[in-house]
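>>> dropping a prediction and its sequence here:
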Amino acid sequence: MALIEFNDFSFKYVGSDSLALKKVNLSVEAGEYVVVSGPSGCGKTTLCRAINGLVPQFHRGYIAGNVFVDSKSTRENSVADMAGITGLVFQNPSNQLVTLNVEKEIAFGPENLGVDPAEIRKRVEHLIHLLGLEHLREKHPHEMSGGEQQRVAMAATLALRPKILVADEPTSNLDPQSAEMILELIAEQNREGMTVVLVEHRLDVVAKDASRLILMNEGSVVADGPPEDVLLMDICQDIGIGIPKAVEVFKRLRSKDLHLPEVPMTGEDLVRIFREVVEHDSA
């Protein structure tokens with residue numbers, strides 16, 4: 001069994017007239033970096049909540065099918081049971097900050113999992129340094145900016161040392177520099193072995209690191225594969241997904257019968273590929 005398994009999973013929130021997820025079948029292997037994108041209301045956040053058990057343990061409603069995470073059924077295990085496996089960073093970080101200062105917030109999760117106090121202190125100090133939170137360590141989370149809250153939420157989630165990091169648009173409240181830092185941190189966690197499921201609209205900044213891109217629309221998975229394949233599909237335009245500029249250039253060149261040897265994800269990729277083509281033709 002894969003690390004994450006959705007088997008014909010459907011869910012509808014209480015009071016809703018439509019399914020948030022419709023017969024989703026999806027497998028994610030350990031070590032993958034999966035980016036999930038799609039228009040607003042397509043089911044991305046519900047998918048995230050289903051991976052850590054908030055759906056159906058906290059959010060109630062109609063449910064069909066099953067989700068297994070690390071071989072555990074999210075129907076049969078509490079959110080607390082899943083906390084050491086799946087760490088979820090919310091789109092709105094203020095919804096998950098519960099203590100009186102940053103140090104306590106980062107320590108809160110490991111304390112509740114019974115981690116040794118010396119290990120907790122080590123994790124807290126490491127994450128405060130890693131995320132540049134030294135000047136905020138005594139500050140109340142709800143007195144901070146949205147971007148600062150997002151960094152604290154990320155630190156608190158990583159303190160759990162989960163097998164899976166699920167991040168629901170974690171850069172939505174951040175300036176470009178802070179967003180780049182968070183996304184590089186997420187990519188580094190993946191390179192160190194953590195499985196990542198990231199919801200993100202800005203594919204130009206995440207596609208280069210992702211091993212897989214999943215597109216959703218109206219509660220269903222409509223495309224799934226390597227980013228260089230999915231981003232060339234017409235479905236991107238059909239559902240309003242913004243593709244990286246480098247991919248747009250690739251598609252325009254291809255339409256004029258000018259073929260590059262690979263699909264560039266970034267401007268740097270595009271320049272490198274052009275140079276290689278020129279050098280090859282000159283040889």
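Arrived safely. Residues are numbered from 1 along each chain as shown.
>>> give me every residue that touches the residue most central in space within the chain.
Centrality entry for the chain: nearest residue to the mean C-alpha point is residue 198, 1.2 Å, by Cα atoms, centre = their mean. Taking Cβ atoms under 8 Å, 6 or more residues apart in numbering, we find residue 198 in contact with 33, 34, 35, 36, 166, 167, 170, 186, 206, 210. Where you see a C-beta, it was placed from the backbone N, CA and C, and this is true even at glycine.
>>> so the second one, which state does it fall into?
Think residue 34. Here residue 34 is recorded as strand under DSSP: H, G, I helix; E, B strand; the rest coil.
>>> tally of neighbours for it?
For residue 34, the count of nearby residues is 22 (other Cβ atoms under 10 Å).
>>> was I right about residue 64 contacting residue 6?
No: using Cβ atoms under 8 Å, residue 64 is not in contact with residue 6; the gap is 11.4 Å.
>>> neighbour count for those two, which is higher?
Between residue 64 and residue 6, counting by other Cβ under 10 Å, residue 6 is the more crowded of the two (24 against 14).
>>> can you tell me the strand partners of whichever strand or helix holds the more buried one and which way each runs?
Element membership of residue 6, judged by DSSP states H and E, is strand 4-13. Partners of strand 4-13 in the sheet, by DSSP bridges, are strand 21-28 (antiparallel), strand 61-69 (antiparallel).
>>> would CSV of these with distance to residue 105 and mean pLDDT be doable?
Formatted as CSV, the strands paired with strand 4-13 follow (distance: least, Cβ to Cβ, whole Å; pLDDT from 0 to 100):
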stretch, distance to residue 105, mean pLDDT
strand 21-28, 28, 98
strand 61-69, 24, 97
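>>> distance to residue 155 for those strands - can I get that in a markdown table?
Output for these, formatted as a markdown table (distance: least, Cβ to Cβ, whole Å):
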| stretch | distance to residue 155 |
| --- | --- |
| strand 21-28 | 24 |
| strand 61-69 | 22 |
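>>> from the contacts of residue 198, which is closest to residue 91?
Of all the contacts of residue 198, residue 170 has the smallest distance to residue 91: 7.7 Å, by Cβ to Cβ.
>>> now do the closest one: how many residues are near it, please.
Residue neighbour count, defined by other Cβ under 10 Å, stands at 26 for residue 170.
>>> do I have it right that it meets residue 185?
No: Residue 170 is not in contact with residue 185 according to Cβ under 8 Å; the separation is 9.5 Å.
>>> can you pull the residues that touch both of these two?
The contact lists of residue 170 and residue 185 share residue 154, where a contact means Cβ under 8 Å, 6+ apart.
>>> and for the nearest residue to residue 208 once chain neighbours are set aside, the neighbour number?
Closest residue to residue 208 apart from its sequence neighbours, by Cβ to Cβ, 6 or more residues apart in numbering: residue 265 at 4.2 Å. Neighbourhood size, residue 265 [other Cβ under 10 Å]: 24.
>>> next, give phi and psi for residue 265.
phi -100, psi -20 (degrees, to the nearest 10).
>>> that older thread, return the angle between stretch directions for the one helix or strand the residue nearest to the centre of the chain maps to and strand 21-28.
In this structure, residue 198 sits in strand 195-199 according to DSSP H and E. Here strand 195-199 runs at an angle of 140 degrees relative to strand 21-28 (axes from the mean of the first three to the mean of the last three Cα atoms, to 10 degrees).
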